[in-house]
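A.B. asks: sequence and predicted structure, then a few things I'm wondering about:
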Number of protein chains: 2
Amino acid sequence: MLKETAAWLKPVQQTLDDYLATVNNPHLQAAMAYSVDAGGKRLRPLLLLAVVTTFGGDGEQALPAAAALELLHTYSLIHDDLPAMDNDDLRRGKKTSHKQFDEATAILAGDALQSAAFELLAQTKVAPATLVGLVQTFARAVGPNGMVGGQVMDMDAQGHQIDLQTLLQLQAEKTGALLTAAADMGAQLAHVSASDARGVHVFAAAFGRAFQIQDDINDVTETAAQLGKTPNKDVAEGKATYPSLLGLAATRQVLAEEVVKAQAAASDLSVPAPQLKALLDYFETEKQ
Amino acid sequence: MLKETAAWLKPVQQTLDDYLATVNNPHLQAAMAYSVDAGGKRLRPLLLLAVVTTFGGDGEQALPAAAALELLHTYSLIHDDLPAMDNDDLRRGKKTSHKQFDEATAILAGDALQSAAFELLAQTKVAPATLVGLVQTFARAVGPNGMVGGQVMDMDAQGHQIDLQTLLQLQAEKTGALLTAAADMGAQLAHVSASDARGVHVFAAAFGRAFQIQDDINDVTETAAQLGKTPNKDVAEGKATYPSLLGLAATRQVLAEEVVKAQAAASDLSVPAPQLKALLDYFETEKQ
């Protein structure tokens, strides 16, 4: 990650802190803050801001929209970890919300974080027509034909044999939709051309696939301490993953291909995009 | 309820049906539709539309915003009924979502309905500046300092002795916020004067308190068949209610006072408001 991108971590955190400080109920505020501050990489806000600034847009102005992505992402993690869902005790090396608090608190903190994401997004100080576009893009990405739809597919797939095509669609919705929304919203905020908008979308879609593949690889190759959660959980639960469908070597090959696709999309933009390319350093592939 | 108001039931249902038809995942679609179509009175959409048409606004144009209120309300009921929350098996005489499906499905259907509410709201075909105002009002009403905050207060109050002041604040957030949002959004859509906007807000706040009081009364005076859910549940769980704090006779008195307040607010508007006044027929009080 380039210094210009990393420099946004602090303003993003400040925006999150400022929002959380407005929550009146101390119990709810504590539960929301616990998960928001559980050590996430802020990848979605940073992606949005990298797109905005790549095209000369106003990063400061984009901060509420960027932080909204993190609030939404955090809600999805809390609900994903619930006993009725993945039933995880650890997340990023810390107790999950329902372990730290209780199940009712975890459900409500997640619910509140989803509302909060829309509330914060709607505070972005841009032209109303731009803001309406942001809300539409965001709502579609996280809704029934986006992230939640992917989550339902994931739940229905457990214990079943699914093919690579189904896994791709599942992950495109569950993980990909919010990442492409981050890029699309960045493009809208920077008022880029239709061609550049397509380019950053292709970049983010490949980035999203690579991200999920890397996650699958880490699940089978890293220890609990490295992962911050229970390793080999996907395998133990019979969850289809890239390694389970393709083997580890072929999975690494697909990862490398997705990274190349993302690099190519970044290179084809109408402006140099070193910040976007540097985001790809996250992935453990042989560099081109 | 006047014929003009009841006539909106069908278009509201059509708007809900049209939205649900766009959900691609059949499992998720079935779970969302099951709860949306579980026999709700559509009070929040009808309140919004009554305000819009009272001031000569365009009801047809307001339908997505009206239906969004019902999607949001339905999500709150599904999550409220979960085992970790109120643990209800019946709602409006039908099995609750986690009983009809399973807990994971109920959590995700609720999550999806919240996203869907924002998605549908953002499709309202009004000027962008008006739409931004609607999203801001809606998000604030359902978020941590609104509906979800009230839900957390409610959870924290269980098994504790709370006073009337706390009960009022709890219910203002848990039930009142979405009802006042419905009225406020109607006022925004009809571009009413500041004075009329205050008037419909006061009407809806009194309506919301009356609604909750009527609900508390029904809980102790009606059978399971009338209620469509387990009666006397509040008492059994040691939940503070108006009757438990004031007794039934004084509670009926407070209900009558709130209805009078709502009637007065409706009478003070700059236009005749027969539709709003007729909504008060819902309450079982001696008419003034």
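C.D. replies: Nice, I can see it.
A.B. asks: report the separation between the residue nearest to residue A:239 when sequence neighbours are not counted and residue A:52.
C.D. replies: Counting by C-beta to C-beta, 6 or more residues apart in numbering or on different chains, residue A:158 is the residue found nearest to residue A:239 once chain neighbours are left out, at 6.2 Å. All C-beta atoms are positioned from the backbone trio N, CA, C, and that covers glycine. As judged by C-beta to C-beta, to the nearest Å, residue A:158 and residue A:52 stand 38 Å apart.
A.B. asks: also residue A:285?
C.D. replies: In this view, residue A:285 and residue A:52 are 27 Å apart by C-beta to C-beta.
A.B. asks: higher neighbour count, those two?
C.D. replies: Counted by other C-beta atoms under 10 Å in any protein chain shown, residue A:285 and residue A:52 do not tie: residue A:52 has more neighbours, with 27 against 17.
A.B. asks: can you pull the contacts of residue A:29?
C.D. replies: A:20, A:23, B:144 (C-beta atoms under 8 Å, 6 or more residues apart in numbering or on different chains).
A.B. asks: ok, now with 7 Å
C.D. replies: A:20, A:23 (C-beta atoms under 7 Å, 6 or more residues apart in numbering or on different chains).
A.B. asks: do the same with residue A:205
C.D. replies: A:176, A:180.
A.B. asks: any idea of the pLDDT on it?
C.D. replies: Note on residue A:205: pLDDT of 98.
A.B. asks: kindly confirm my reading that it is in a strand.
C.D. replies: No. Counting by DSSP: H, G, I helix; E, B strand; the rest coil, one finds residue A:205 to be helix, located in no strand.
A.B. asks: from residue A:240, how far off is the residue nearest to residue A:239?
C.D. replies: Separation of residue A:158 from residue A:240 (C-beta to C-beta): 9 Å.
A.B. asks: overlap in contacts, the two.
C.D. replies: Common neighbours of residue A:158 and residue A:240, using C-beta under 7 Å, 6+ apart, do not exist here.
A.B. asks: and those two? Which one has more around it.
C.D. replies: Legend: neighbour count by other C-beta under 10 Å for residue A:158 and residue A:240, higher for residue A:240 (20 against 13).
A.B. asks: residue A:156 is in contact with the more buried one, correct?
C.D. replies: No. Using C-beta atoms under 7 Å, residue A:240 makes no contact with residue A:156, being 11.6 Å away.
A.B. asks: what do these two both touch?
C.D. replies: Shared contacts of residue A:240 and residue A:156 (C-beta under 7 Å, 6+ apart): none.
A.B. asks: helix or strand for the residue of the stretch 151-288 of chain A at minimum distance from chain B, which one?
C.D. replies: Per C-beta to the nearest C-beta, residue A:152 is where the stretch 151-288 of chain A lies closest to chain B, at 4.5 Å. If you go by DSSP states H and E, residue A:152 is part of helix A:147-157.
A.B. asks: ok, then the element right after that helix?
C.D. replies: As assigned by DSSP H and E, the chain's next helix or strand after helix A:147-157 is helix A:164-171.
A.B. asks: between that following helix and helix A:147-157, how big is the angle?
C.D. replies: Here the directions of helix A:164-171 and helix A:147-157 differ by 140 degrees (axes from the mean of the first three to the mean of the last three C-alpha atoms, to 10 degrees).
A.B. asks: what mean pLDDT does helix A:164-171 have?
C.D. replies: On average, the pLDDT along helix A:164-171 is 93.
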